[in-house]
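Chemist: Below are the sequence and a predicted model for it; my questions follow.
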Amino acid sequence: MLEEQVHQKAVDNQTPGATRRFALSAPGSKPTRTSKKTSSLATRGMDGKYQIIRTPDALRQACEHLLQSEAHGLDCETTDLNPHSGRIRLIQLSTPSATYVIDYDRFNRDDFQPLKPLLESPKPRTICHNGKFDQKWIKHFLGIEIAGLFDSQLASQLIHYSPGQHNLEAVSRKYLDVALDKSLQRSNWEGELSEDQITYAARDSQVLVPLREAMIPRLTELGLIKAAQLEFEAVVALSDIELAGIFLDRELWQQQVNNVSRQHEIIARELQEMLAEGAMQTTLFGHSDINLGSHTQIADALRQMGLPINGATNNTVLLPLKDQFPVVAKLLEYRALDKSLTSYGQAWIDQIHPQSNRIFPDFNQIGAPTGRMSCADPNVQQVPTEKEYRQCFRAPEGRKLLICDYSQIELRILAELSHDRGFVDAFRSGADLHRTTAASVFNVSLDNVSKEQRDFAKRLNFGVVYGIGAARFSFMTGMPLNEAEATLRRYFQTYRQLDEYLREAGQHAVDNHSTRTLSGRLVQYRFDPADREQVSGVRRRGRNAPIQGTSADIIKRSLALLHHELKGTSARIVNVIHDEIVVEVDPDDAEEIGHRVSAKMVQAATEYVKTIPILAEPSIADEWVK
DNA sequence: GTGAAGGGCCAC
DNA sequence: AAACGTGGCCCTTCAC
């Protein structure tokens, strides 16, 4: 995980059913206690003083006061990380002049109505740190959606992406020079709460308004307001995705695990025998197994068998040897099965929620410096494409899946950025880009492009997005190096403006130590300009980042648009995989929703890619199989 | 025991 | 092995 659970509010031991109340005395009592009485903190409204809210009347009055301010901080303390298994304990709302700590258990759901206009209108702004977390709880328990969110965690990541440095404590220290004591973050929020705990909760919400004030000038200076808005508007959608979870067919997955497990056992035994035999370790009494998961033992064994192995034993090294050496073929077979069994095995079943048969992954909205999202526990962005796995992600009874993905979005972004005539024309005419590329690079007519030539061209087109070199292209195609070099030369002669753009993009990143996506998102690089290897690394990343990052901008914009588009329908977004969105929907609505999803995805992309046609094809299915 | 690092491999 | 970008997950190895 990128951050050590920024809003880790889980409890160490849960005692469900606890009905005890706060250990505070008089209801509605005025602030009684402050943690650290420094006047500067007091004047800035960060002294830990609070008003506890326990009656509907007091809540109404608090909301009236909050409506007067331009912005308020919002924070929740909960008994768990997961809204499906925990409950809200406190809701803190804070302006520079007052902090309200709402004792959640004292209220019925209806009592929270006054919060609705406060949070659901874009003004006043609602400031959260990791708003996805708070939004999930507020939505799940109160049905409220935050409209005017400012997320200080996302803002911090936009200003300077440095993994692990974006929790509230670090951000408060950096922007406000305020030391937050987070020792109570993981304390028990289940039973009676101590005054220290409540003061801690109050202070967490008190830093939010000052944080926004400190961050807006930075965002403005760095030209990040638009990117920030994009991020903030995607939060509600991502919250809903996490709340929805995704259906996973336990029996089907188990069946697949069993199949793989059987194969794994057989192949492991055969591999052991081949390795032992080859290494002549067999004795009259049998041989001792080596650890097939140990790279060093595998490498040693293969070397003893006379294979040209230096250090690595990965796929690229082994693949060329597999026809000549049966043991290598067996090892590759074993590795594939082992990967399946370990990475896509029991762990996934353990994650399935017993009542709903759904899994609830964590999305990291800015999971990469380019702005790409990442996902974990489990990572539903890396499910093997094989049908055996994808079919386990099926629509539950009485529902359909709607899968919509962009067609070649990164290459279209590259066409937009480079204005390359060949790329632009191909996309505008709807021609097969890879075939067109092959015809030019291999100097044949369009009709005479062979399957192999088209395949080479396809690898090239995708490779340039990553800054591929001749050596790599030669290796992956089996083309001799000099031929690969010549092919790359012809490629960039064909696409002159592409070549020019990519060179400039790389150099720009090196010169400026940064680059940008089309939303204005800043991607920064720290490196030593005297280190040639680092420089070429930055050059490659600088070519890729605007493309990959703009693609991330686009999918986030899609999520924001779709969230509003699908409101009040039977559709729920259940997964997002970089250029693909998976929606669960009632069968009767599937077709219509499909058109709407596609239209919104196209609209989102068109906001950034203005000169190249965009395609997003919806398909309706029972399983997550394209 | 725990955690970091290295190696390998899954996705887009 | 690699001068092909971005992640997360699993395993082993090794240090503390």
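Modeler: Good, I have the coordinates.
Chemist: Distance of the residue lying closest to residue A:176 once chain neighbours are set aside relative to DNA strand C?
Modeler: Leaving aside its sequence neighbours, residue A:176 sits nearest to residue A:210 (CB to CB, 6 or more residues apart in numbering; 5.5 Å). Backbone N, C-alpha and C define where each C-beta goes, glycine included. Using CB to the nearest atom of the strand, to the nearest Å, residue A:210 is found at 29 Å from DNA strand C.
Chemist: what do you get for residue A:214?
Modeler: Taking CB to the nearest atom of the strand, one finds residue A:214 at 26 Å from DNA strand C.
Chemist: Pretty sure that residue sits in a helix.
Modeler: Yes: per DSSP: H, G, I helix; E, B strand; the rest coil, residue A:214 lies within a helix segment.
Chemist: burial count for the closest residue to it other than its chain neighbours?
Modeler: Distance criterion CB to CB, 6+ apart; nearest residue to residue A:214, sequence neighbours excluded, is residue A:175 at 4.1 Å. Neighbour count for residue A:175, taken as other CB atoms under 10 Å: 20.
Chemist: and residue A:227, what is it in contact with?
Modeler: Taking CB atoms under 8 Å, 6 or more residues apart in numbering as the criterion, residue A:227 is in contact with A:158, A:371, A:517, A:519-522, A:553.
Chemist: wait, is it part of a helix?
Modeler: Yes: judged by three-state DSSP, residue A:227 forms part of a helix.
Chemist: ok so, going back, name the helix or strand for the residue nearest to residue A:214, please.
Modeler: Assigned by DSSP states H and E, residue A:175 belongs to helix A:168-176.
Chemist: Flag every buried residue along that helix.
Modeler: Neighbour counts over helix A:168-176 (16 or more other CB atoms under 10 Å) mark A:168-172, A:174-176 as buried.
Chemist: Now do the helix ranked longest in chain A, average pLDDT.
Modeler: Ranked by number of residues, the top helix in chain A under DSSP state H is helix A:532-565. Averaging pLDDT along helix A:532-565 yields 97.
Chemist: Kindly provide the whole-number mean pLDDT of whichever helix or strand comes after that helix.
Modeler: As assigned by DSSP H and E, the chain's next helix or strand after helix A:532-565 is strand A:572-576. Regarding strand A:572-576, the rounded mean pLDDT is 98.
Chemist: hmm, strand A:572-576 touching DNA strand C?
Modeler: No: between strand A:572-576 and DNA strand C, judged by CB under 7 Å from any atom of the strand, nothing touches; the nearest distance is 13.6 Å.
Chemist: can you check stretch A:255-267 too?
Modeler: No: Stretch A:255-267 does not reach DNA strand C (CB under 7 Å from any atom of the strand); its nearest approach is 11.5 Å.
Chemist: Return the set of buried residues in that stretch.
Modeler: For stretch A:255-267, by 16+ other CB under 10 Å, it's A:256-257, A:260, A:263-264, A:267.
Chemist: Once you drop chain neighbours, what's closest to residue A:325?
Modeler: In space, residue A:325 is closest to residue A:307, 6.1 Å off (CB to CB, 6+ apart).
Chemist: returning to that earlier point: distance from the longest helix of chain A to the middle of the chain?
Modeler: Averaging C-alpha positions (CA atoms, centre = their mean, to the nearest Å) puts helix A:532-565 12 Å from its chain's average.
Chemist: residues of it that come out buried?
Modeler: Neighbour-count burial for helix A:532-565 [16+ other CB under 10 Å]: A:535, A:538-563, A:565.
Chemist: close to DNA strand C, is stretch A:383-391?
Modeler: No: judged by CB under 7 Å from any atom of the strand, stretch A:383-391 makes no contact with DNA strand C; its nearest approach is 10.0 Å.
Chemist: just to revisit the earlier point, so what's the residue nearest to residue A:214 up against?
Modeler: Per CB under 8 Å, 6+ apart, neighbours of residue A:175: A:156, A:211, A:214-215, A:218.
Chemist: rerun that using 7 Å as the cut-off
Modeler: When contacts are counted by CB atoms under 7 Å, 6 or more residues apart in numbering, residue A:175 touches A:211, A:214-215.
Chemist: Just send the residues you listed back as a markdown table, with neighbour count and pLDDT too.
Modeler: Shown next, in a markdown table, are the contacts of residue A:175 (neighbours: other CB atoms under 10 Å; pLDDT from 0 to 100):
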| residue | neighbour count | pLDDT |
| --- | --- | --- |
| A:211 | 25 | 97 |
| A:214 | 18 | 98 |
| A:215 | 23 | 98 |
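Chemist: now the helix holding residue A:175: how far from the chain's centre is it?
Modeler: With CA atoms, centre = their mean, you get 24 Å for helix A:168-176.
Chemist: what do you get for stretch A:577-584?
Modeler: Centre to centre, stretch against its chain (CA atoms, centre = their mean), the figure for stretch A:577-584 is 12 Å.
Chemist: With adjacent residues omitted, what lies nearest to residue A:393?
Modeler: residue A:624 (3.9 Å).
Chemist: try residue A:445
Modeler: Nearest to residue A:445 is residue A:439, by CB to CB, 6+ apart, at 6.4 Å.
Chemist: Which strands or helices does the helix or strand where the one you found lies pack on?
Modeler: Taking DSSP H and E as the criterion, residue A:439 maps to helix A:433-441. For helix A:433-441, the elements it packs on are helix A:421-429, helix A:451-466, helix A:481-494, judged by 3 or more CB pairs under 7 Å, 6 or more residues apart in numbering; DSSP states H and E.
Chemist: can you list contacts of it?
Modeler: A:411, A:426-427, A:445-446, A:449, A:453-454, A:456-458, A:460-461, A:487, A:490-491, A:494.
Chemist: mind running it again at 8 Å?
Modeler: With CB under 8 Å, 6+ apart, helix A:433-441 has contacts from A:408, A:411, A:422-423, A:426-427, A:444-446, A:448-449, A:453-458, A:460-461, A:487, A:490-491, A:494.
Chemist: In three-state terms, label residue A:84 for me.
Modeler: Per three-state DSSP, residue A:84 ends up coil.
Chemist: my bad, residue A:90
Modeler: strand.
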